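Student: 3D, please:
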Amino acid sequence: MMIKIDMESEEFKEEMRKTKEFTDKMCSSNGWVYNPIEDVNEGVTMGLARNKIIYNKRFCPCFMVIGETKEERKAADNRICPCKPAIEKEIPEDGKCHCGIFCTPEYAAANAIEEIAEEVAHTHSRGLTKEECEAILKHEQLDGDEITALLEARDLGMVEFNLVDVREWMEWNQDRIVGTDYLIPTTSFYNTVDQIENQKEKPTILYCLTGSRSAYCQRVLQDMGWKQVSNYTHGIVTYQGERTSGEEK
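Tutor: This is a model prediction of the structure:
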């Protein structure tokens, strides 16, 4: 079952405040700093607050929460922020944790100016051909311009694929890419993936806020037998195309 959290509720606002105090403390005590992209920090904080309300634990929002009961979740060794892999490996080696909220000062300084603009926008002098669209769909990693081009080509009937948002309902409701076909939240992935269970042969493109959750779900779908799964590498935070919000009509 998909759980919907009211972002305007006093409960959620209070938990957001407490979670921000928690992440502030983690940065201070560990010598970390926040990601230079504020949208990353906000998205992760929202996910941590959501999980605290639902599970009474700040489970990492970039991974599925496995287990129906408290005992099952403990046995599953779900990641709890700040998780052991982040402390021991990800931050020391990569400069940031998997979700991206906690960074080394060196990483933040090097990426503060234009991390979200790592790739220069593509310039197209013409529309893509059917063959070019099919070739792009075979790429495991896609950027925003490729997503936009593929959506335009799909509207013209040149190519078929599913565009899937793997963020949480509250993020989807707040802001999503026009043309998104399904919402399959990472934290309830196995309970909601049945929406596309009969479409394993159809190309599938996943996106989240920054590309970390969608990359994780990409591997899961591949292991489950999906033939062609692509990940929007940098996520909706870099998307320049058309967006929408609110409940579907």
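
Student: Can you list the low-confidence ranges for the protein?
Tutor: In the predicted model, the chain carries pLDDT under 70 at residues 1, 112-127, 249.

Student: Pull up the gap between the most centrally placed residue in the chain and Glu140, please.
Tutor: With distances taken as C-alpha atoms, centre = their mean, the chain has Cys208 as the residue nearest its mean C-alpha position (2.7 Å). Using C-beta to C-beta, to the nearest Å, one gets 15 Å for the distance from Cys208 to Glu140. Yep, even glycine has a C-beta here, placed from its N, CA and C like the rest.

Student: Check Cys99 too.
Tutor: When Cys99 is compared with Glu140 (using C-beta to C-beta), they lie 21 Å apart.

Student: elements contacting the lengthiest helix in the chain?
Tutor: Ranked by residue count, the top helix of the chain under DSSP state H comes out as helix 10-30. Contact analysis of helix 10-30 by 3 or more C-beta pairs under 8 Å, 6 or more residues apart in numbering; DSSP states H and E lists strand 33-34, helix 38-55, strand 102-103 as its packing neighbours.

Student: Mind putting these into a markdown table with mean neighbour count and distance to Gly241?
Tutor: Below are the helices and strands packed on helix 10-30 laid out as a markdown table (neighbours: other C-beta atoms under 10 Å; distance: least, C-beta to C-beta, whole Å):
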| stretch | mean neighbour count | distance to Gly241 |
| --- | --- | --- |
| strand 33-34 | 18 | 27 |
| helix 38-55 | 21 | 16 |
| strand 102-103 | 26 | 28 |
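
Student: Just tell me which of these ends up closest to Ile5.
Tutor: helix 38-55 (5.2 Å; C-beta to C-beta).

Student: quick one: that closest one to chain centroid distance?
Tutor: On the basis of C-alpha atoms, centre = their mean, to the nearest Å, the separation between the geometric centre of helix 38-55 and that of its chain is 12 Å.

Student: Over to stretch 141-154?
Tutor: 17 Å.

Student: What lies in contact with that stretch?
Tutor: Outside of stretch 141-154, the residues that reach it under the criterion C-beta atoms under 8 Å, 6 or more residues apart in numbering are 119, 121-122, 124, 127-128, 130, 133, 136-137, 139, 159-161, 163, 177-179, 205, 207, 230-234, 238-241.

Student: okay, the angle between the longest helix of the chain and helix 38-55?
Tutor: Orientation check (axes from the mean of the first three to the mean of the last three C-alpha atoms, to 10 degrees): helix 10-30 against helix 38-55 gives 120 degrees.

Student: residues making contact with helix 10-30?
Tutor: Helix 10-30 is contacted from outside by 5-6, 32-34, 41, 45-46, 48-50, 52-53, 58, 81-82, 87, 101-102, using C-beta under 8 Å, 6+ apart.
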